[in-house]
Structures are given as C-alpha cells and as structure tokens.
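> kindly generate the corresponding structure for this input.
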Amino acid sequence: MPRPPDSLDPVRVGIVGLGRAGRYHLERLSLRDDFRVVALHDTHPTALRNCAEFPARPHSDWNSFLTDSELEAVLIATPPATHFQAAVDVMQSGHDVLIETPLCLRVADADELLEVAFRTGRRLSVLHTHRWDDDFRTAQAMIAEGKLGQVLAAKWNIWQFNPRPESFGWQMRSTSDWQQDPAAGGGVLWAFGTHYFDQLLQLVGAEPVTVFARWLGDRRRKDGDDSFLAIVTFANGAVGEIEVHHSSFAPLRTGWIVNGTDGAYSNFTHYSATPEGEIVDIGEPPRPTAWDEYYAAVARHLHGSDSNPVTGEQARHVIALVEATRRSAETGCLQEV
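A predicted model of the protein is given here:
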C-alpha cells in the first residue's frame, strides 16, 4: 500500500539474501528509526536461523515473502547474478526496490529494470554507498565549490598486497565461490570497478564516450580477472583513469587525484598557484565517511520528501562502463560506451 507523502512512520522493509551483505544491512537497519525490518528471505535454513534474534518474519518461500502483508520495500542483497529477476519480481508484486551493487550484470537487463520500474510505478534505488567515502566526498565538495574549475583528469590507483598462493607453494583456495566468477558478478572488475566507476562519473559529471582497458593480472590463469586498468574519455574532454591490482606484492593507494583548470586535489589537499606561479597547498577538512547516510536519504525518498540518492539510470551508466571495460580488455581495442 503506498504511504502518504508526509508520513514519518518507518519504512517497512524486507531483506532478501542473508549472507555477508544482507546481514550487514539487517544489523544497520535494525538500529534506525526510519526503517523497520519486517521480513527476511533466504533459501538456506541456516541463514534464517542465524538471524532468529531479529524480530522479522523469516521466509524460505519466495512467493510467501513477496506477499507478506507488511512489506513496503525490499532490499536485495543476493549474489549479483540473481539481482535482475529478483528486482523484477519485487516491483511486479507492488514493492519498491533497494538493490545492492551491481544493479545487474548486463546493460540490457538494466534497461529492462528501468522499464519495469516505469511501468509498475515502483521506485528503484541502488546501494552505491561508497559515494559517502571520505576521500570521494572531499574531492566532490571541492569540485562543487568551484575550487578546481572544470575537471580535466581524475585518477584512482589501488594495489592490494595479496600475492598469489602458488608464489609461495601454498595450497590454492577453492574458486567455486561466486565471488571468484565474473559471470556471476564476482571478480575485481565487478567488486571494485563498480564503485570506482560510479565515483568517477559523479566527479566528472559528463557522459562517458570511450574506454581503453587492459588486464594487469597473470593471464595464464583462468581466474585472472583480479586486476585491471581502464582509461575513460568523456564528452566534455575529461579523462578518467582507474587502476586496481588485487594480487600485488607492493601496496599502493592513491585515493582520488583530480586535476582541473583552476586547481587540483589529492589526499585531502587543495593545490593551486599564486599569481607569481608558486604552488599553494592547503589542507582540506575531510568530509567523514558516512555510509548510513544512504539509508537516511533513501528513507526520505520513499517518504516522498527527497530525490532518489542513487537512481537506476545512474547505476545503468556504471554497468555500461563495466561492459565496455571488459570488451576492451578482452579485445585489446578501444570501445565505445
């Protein structure tokens, strides 16, 4: 049942998928006044039993969950390959959808989800909570305040110390987990690229045009989707570069480096120049990481008092960038987004 626009009652939400992500959201939402978790769904009895301390009705049957009389919205936290169909079912059953990243695994599926949301009149929001990271929020604020001028280039590098087990003769871990399978939404391009591409799009504020990408991991391995470099060009002339290496011997994390027509940003520092051409570097107060702000923003949206903090259309652009990056890395050729 649609809620009155000015209602301040908590949003009655159900959570689908009680793995690591689902359990995290269950714990966080249970501490809030603007949400009330009323129903849970998982096909594994153990997962439901492990959440028995929470006062929400457990459902192992999908149709029973969808027809729960108290549901208003559903948060989908299942593996990415299942997001599309679950979101379609939820919207067609008359509920709004909050969906973990990535939205889905194909641009065609993203387009269909947007069409279903339009046809059913349901609201679709995506949990790109890394928009509330401190480094990104600080860079974004500096751009919004006009301190950098027009963005010319934005760069993010992260190398994680995570050498391959075989380098030391260690026993290989199983790769049966979906998180190791790109076709199921696993692998570094989905796990990391989804968030950094979303941040890049927000910083540049223009349509992406092309991507040139390379795999950086050991391509002799079948599960070599652990490292990538992507160079993105935008319609306004800006260039973005994202490099992620998940199996490096050397740790490196640059944070966002943004260069503009009037200044630059890096590591909570604003760089500019005096009229005489001397460098000026001034520390910027970090905007604190505040992932829970997504919940507050989406609750206001579902109450009808604020805009959608992360729209399906925005998430669709991220999926298109991931697709183009994979095509470019596999073919060695520049790809249109």
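> buried ones in the longest helix belonging to the chain?
Secondary structure of the chain per DSSP state H: the longest helix is helix 312-331. Neighbour-count burial for helix 312-331, with 16 or more other CB atoms under 10 Å as criterion, is recorded at 312, 314-329. No exception for glycine: its C-beta is placed from N, CA and C like everyone else's.
> just how off-centre is stretch 295-311 within its chain?
Averaging C-alpha positions (CA atoms, centre = their mean, to the nearest Å) puts stretch 295-311 17 Å from its chain's average.
> average model confidence for it?
Computed over stretch 295-311, the mean pLDDT rounds to 97.
> next, the buried residues of that stretch.
Under 16+ other CB under 10 Å, the buried positions of stretch 295-311 are 295, 297, 298, 299, 300, 301, 302, 303, 308, 309, 310, 311.
> looking at those residues, which one is closest to residue 227?
Distance ranking of the buried residues of stretch 295-311 against residue 227, using CB to CB, places residue 310 first at 26.6 Å.
> that closest one reaches residue 123, doesn't it?
No - using CB atoms under 8 Å, residue 310 makes no contact with residue 123, being 11.4 Å away.
> ok, the closest residue to residue 261 other than its chain neighbours - contacts?
The shortest distance from residue 261 to any non-neighbouring residue, by CB to CB, 6 or more residues apart in numbering, is to residue 149 (3.5 Å). Each residue near residue 149 by CB atoms under 8 Å, 6 or more residues apart in numbering is listed here: 260, 261, 262, 263.
> can you tell me the SS state at the third one?
Read that as residue 262. coil (DSSP: H, G, I helix; E, B strand; the rest coil).
> I'd say it and residue 147 touch.
Yes - counting by CB under 8 Å, residue 262 does reach residue 147; the two are 7.1 Å apart.
> neighbour-wise, which one of the contacts of residue 149 leads?
residue 260 (21 neighbours; other CB atoms under 10 Å).
> give me the nearest residue to that one, chain neighbours excluded.
residue 148 (3.2 Å).
> before we move on, what about residue 33?
For residue 33, ignoring the flanking residues on the chain, the nearest one in space by CB to CB, 6+ apart is residue 10 at 6.3 Å.
> what sits against the spatially most central residue of the chain?
Central residue of the chain (CA atoms, centre = their mean): residue 128, 3.6 Å from the mean position. Taking CB under 8 Å, 6+ apart as the criterion, residue 128 is in contact with 101, 194, 195, 198, 294, 310, 314, 315, 318.
> now the strands for the stretch 101-250 of the chain?
124-126, 151-161, 208-215, 227-234, 239-248 (DSSP state E, counting those that start in this stretch).
> looking at those strands, which is nearest to residue 290?
Using CB to CB, those put strand 124-126 closest to residue 290, at 16.9 Å.
> residues contacting the closest one, please?
Here strand 124-126 has contacts from 87, 91, 96-101, 103, 113-114, 117, 298, 301, 308-312, 314-315, using CB under 8 Å, 6+ apart.
> could you give the mean pLDDT of it?
98.
> kindly report the same for stretch 25-38.
98.
> show me which helix or strand of this structure is least confident by mean pLDDT.
The helix or strand of the chain with the lowest confidence, counting by mean pLDDT, DSSP states H and E, is helix 188 at a mean of 91.
> now residue 33, what's its secondary structure?
Secondary structure assignment for residue 33 (three-state DSSP): coil.
> next, residue 49: phi, psi?
phi -60, psi -40 (degrees, to the nearest 10).
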